[in-house]
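**Student:** This is the structure alone, sequence omitted:
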């Protein structure tokens, strides 16, 4: 039984979870995505992969104005080419909210 648990943990740590909120969720048409990875990848590559997962949508335009959280840490002001997103982490895209 330990094998199944170990495989589940391995699968969990070999993906980057992406969660979309509000307009980003609407543009993507889904609550989130899981990107398989073999190691850390730059945020810019995550965004590129998301654009290929959701062609013909407004997702990339919406993501461009979103606040971005890596885990619970705001990373919107960091260089997407330099910021490495490790396997097993969660990225959240939060569009600006009107009125507050």
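**Tutor:** Okay, I see it. This one's a predicted model, so the numbers in the text were calculated from it and none came from an experiment.
**Student:** could you point out which element follows the worst-scoring helix or strand of the chain on mean pLDDT?
**Tutor:** Here the helix or strand of the chain ranked lowest by mean pLDDT, DSSP states H and E is helix 2-13, holding a mean of 56. Once helix 2-13 ends, the next helix or strand along the chain (criterion: DSSP states H and E) is strand 15-20.
**Student:** what residues does that next one touch?
**Tutor:** Counting by C-beta atoms under 8 Å, 6 or more residues apart in numbering, strand 15-20 makes contact with 27-28, 30-37, 41, 46, 50, 59, 85-93, all of which sit outside it. (Glycine included, C-beta is placed from N, CA and C.)
**Student:** Of those, which belong to helices?
**Tutor:** Judged by DSSP state H, the subset of the contacts of strand 15-20 located in helices is 27-28, 46, 50, 59.
**Student:** Just the closest of the residues you listed to residue 13, please.
**Tutor:** Of all those, residue 13 sits closest to residue 46, with 16.1 Å by C-beta to C-beta.
**Student:** What sits closest to residue 91 if chain neighbours are left out?
**Tutor:** Spatial nearest neighbour of residue 91, excluding adjacent residues (C-beta to C-beta, 6 or more residues apart in numbering): residue 18 at 5.0 Å.
**Student:** quick one: residue 28 from residue 71, how far?
**Tutor:** Applying C-beta to C-beta, to the nearest Å, the value for residue 28 to residue 71 is 20 Å.
**Student:** same thing with residue 53?
**Tutor:** 21 Å.
**Student:** now do residue 61
**Tutor:** With C-beta to C-beta as the criterion, residue 61 and residue 71 are 25 Å apart.
**Student:** Kindly report the same for residue 85.
**Tutor:** 10 Å.
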